[in-house]
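Peer 1: Any chance you can model this:
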Amino acid sequence: MSASATTLGPAALRPTPRSRRRRVGNWIATAIISLTFVVALIPLVFLVVYVVQRGSEVFSWDFLNQNPPFSERLAGGGMAPAVVGTIVITSAAAVMSIPLGILGGIYLNEYGGTNPLARFIRFMAEVMTGVPSIVMGIFIYTLVVLKSGLSGFAGALALACLMLPIVLRTTDQMLALVPRELREGSQALGSRRARTIRTVVLPSAMPGIVSGALLAVARAAGETAPLLFVIGVTSEPNWSLNGTNTALSVQIFFNATRPFAPAQDRAWAAALTLILIVFITTIAARLVTAFFARRQGA
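Peer 2: Below is the predicted model of the structure:
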């Protein structure tokens, strides 16, 4: 028996034509994927580097704290109203959409299943995800602005409509990844479904839910089209949702389309500010995800 094993061992380890083809195919696929990644990364790096170069010429702490000049021709000034408006409007949109999206995702995965209402909600969430953002702006303009006027609340409502389907679908998908055995084990110990969801299912899916929610916030912070019709323009910081307001994305659009060099410089600095906000939000999403993952592993 040992002689047979000795005889068959080297033959079994000897590469066959099929294994060679698989190795070559794997190497080719890896090379293509790596090349595609590099090709996709080149314009992204070029864009970020160019925005940093142009925006850093004007970007400073005073730029974040000063109001824009009364004339677009003048140099200096800052984007304090736009920074405040972006924080206020995006935060309000997150408060509106994230809890509702998480609760909706819990219903779809834990209670709705495949019943007609759950299928309809999933279908509408997919449709809303693909709707152009400008359509949301026109919808809120018709529904809110024509009745009560321009306001930060209308802008927050428009961004919330864009964030809601993202948070809902993310929550639904993350909950679906939680093993069914965890639910069954908790219920076998006498826990009700609500307690099982709160203490077992949600903690397991929380890293993905938090990451998806914060990425939705980052996307909403950079939206321009839905805000053009609903928030107006202001040259003073407005910390409330009442009255006209502004945002970094709107100021980038307005200043970039002006023929004056100082206005265009402020647009580049505002773009750099927005990139920094999105970058910080993304880093926060990664940190929160790592925290929940480490807590779950412990």
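
Peer 1: buried ones in stretch 182-199?
Peer 2: Using 16 or more other C-beta atoms under 10 Å as the test for burial, stretch 182-199 gives R183, S186, S191, T196, I197. The C-beta positions use only the backbone N, C-alpha and C, and glycine is treated the same way.

Peer 1: and that stretch, what's its mean pLDDT?
Peer 2: The average pLDDT within stretch 182-199 is 83.

Peer 1: Which residues outside it are in contact with it?
Peer 2: I106, E110, V200, V201, S204 (C-beta atoms under 8 Å, 6 or more residues apart in numbering).

Peer 1: which one of the residues you listed sits closest to E236?
Peer 2: I106 (41.2 Å; C-beta to C-beta).

Peer 1: Tell me who's in contact with the closest one.
Peer 2: T171, L175, I197, L202.

Peer 1: Take the buried residues of stretch 182-199 and keep only those in helices.
Peer 2: In helices, judged by DSSP state H, the following of these are found: R183, S186, T196.

Peer 1: Next, format those as JSON lines and append distance to A285.
Peer 2: Shown next, in JSON lines, are those (distance: C-beta to C-beta, whole Å):
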{"residue": "R183", "distance to A285": "26"}
{"residue": "S186", "distance to A285": "28"}
{"residue": "T196", "distance to A285": "26"}
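
Peer 1: Can you tell me which of the residues you listed is nearest G85?
Peer 2: Among these, T196 lies closest to G85 (C-beta to C-beta), at 41.8 Å.

Peer 1: Isn't V88 up against N238?
Peer 2: Yes - if you go by C-beta atoms under 8 Å, V88 and N238 touch, sitting 7.3 Å apart.

Peer 1: Please enumerate the shared neighbours of the two.
Peer 2: With C-beta under 8 Å, 6+ apart as the test, V88 and N238 both reach G152, N245.

Peer 1: Give me the buried positions along stretch 269-279.
Peer 2: A269, A270, A271, L272, T273, L274, I275, I277, V278.

Peer 1: What does G113 show for phi and psi?
Peer 2: Phi and psi for G113, reported as degrees, to the nearest 10, are phi 60, psi -120.

Peer 1: State the distance from it to S186.
Peer 2: 18 Å (C-beta to C-beta, to the nearest Å).

Peer 1: Following the lowest-mean-pLDDT helix or strand in the chain in sequence, what is the next regular element?
Peer 2: Lowest by mean pLDDT, DSSP states H and E among the helices and strands of the chain is helix 2-13, with a mean of 52. As assigned by DSSP states H and E, the chain's next helix or strand after helix 2-13 is helix 17-55.

Peer 1: and which of the contacts of I106 is nearest I98?
Peer 2: The closest of those, once distances to I98 are taken by C-beta to C-beta, is T171, at 9.4 Å.
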